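Trainee: Got a predicted structure here, sequence first:
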Amino acid sequence: MTTMTQRQQPAARDGGPKRSETQPILHQRGKEIQPYGTLTRYPLGLDDDVRQASVQVLNQLLSDTIVLRDLYKKHHWQMSGPTFYQLHLLLDKHYEEQAVLVDALAERIQILGGIAVAMAHDVAEMTRIERPPRGREEVPVQLSRLLDAHEIILSDARKSAKTTEQNGDSGTSDLLVSDVVRTNEMQVWFLAEHLVDMPLVQAR
């Protein structure tokens with residue numbers, strides 16, 4: 001006996017039930033449409049070799065910035081001691097600012113026609129920032145790790161800003177100076193001042 005549901009379901013070409021028009025097509029896979037390391041050409045007025053050079057330095061900075069961003073979140077969670085409240089809030093603020101830089105760097109890479117590094121295993125292979133232990137460390141060590149990471153990024157960003165400007169890629173150079181360098185410099189100042197050994201109550 002045919003039920004109402006069966007009668008209402010239109011038959012497919014092979015005689016089976018027809019798929020609903022709203023059914024998502026799941027488990028899809030396909031070939032890469034742009035391999036990593038290649039360029040899509042946009043009318044940017046920049047030569048391919050200039051864009052390729054910019055994409056390369058930007059991906060290195062991106063991978064290091066992703067690691068720094070996540071290092072901030074790790075230390076935000078694992079902070080302890082008398083300055084817990086202030087540093088807990090400060091590190092989360094810095095995390096958010098680094099997240100903005102991650103997006104800006106990745107979008108610049110895509111604008112230039114490149115492919116931005118994105119996945120954790122790829123970032124781990126590329127970064128030059130020292131890998132921290134899984135466990136909690138003392139506050140001065142946590143802050144020192146962050147400062148070391150900042151120095152790596154700042155040195156690279158300044159060098160890359162000069163190179164990209166000389167190559168005629170002013171957009172990338174401006175991003176590196178106006179956003180990456182200035183944000184990281186400000187964060188270094190705020191962190192470093194927490195490592196000054198100053199008396200809290202009575203002057204020496």
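Mentor: Happy to help now that I have it.

Trainee: Mind listing what's buried along the longest helix seen in the chain?
Mentor: Of all segments of type helix in the chain, defined using DSSP state H, the longest is helix 48-78. Across helix 48-78, burial judged by 16 or more other CB atoms under 10 Å covers 50-55, 57-76, 78. In this view, the C-beta of every residue, glycine as well, is placed from N, C-alpha and C.

Trainee: so Pro24 is in which element?
Mentor: Using DSSP states H and E, Pro24 falls within no helix or strand.

Trainee: follow-up on the earlier one: and the longest helix of the chain, what's its mean pLDDT?
Mentor: Here helix 48-78 scores 98 as its mean pLDDT.

Trainee: which stretches of the chain have low pLDDT?
Mentor: 1-16 (pLDDT under 70).

Trainee: Just give the closest residue to Pro140, not the sequence neighbours.
Mentor: Spatial nearest neighbour of Pro140, chain neighbours left out: Leu195 (6.2 Å); criterion: CB to CB, 6 or more residues apart in numbering.

Trainee: Ok, Ala104 next?
Mentor: Asp179 (5.7 Å).

Trainee: Run a quick neighbour tally on that neighbour.
Mentor: 17 (other CB atoms under 10 Å).

Trainee: try Lys162
Mentor: Other residues close to Lys162 by other CB under 10 Å number 13.

Trainee: Using the three-state scheme, assign it.
Mentor: Using DSSP: H, G, I helix; E, B strand; the rest coil, the structure places Lys162 in helix.

Trainee: residues touching it, list them.
Mentor: Ser173 (CB atoms under 8 Å, 6 or more residues apart in numbering).
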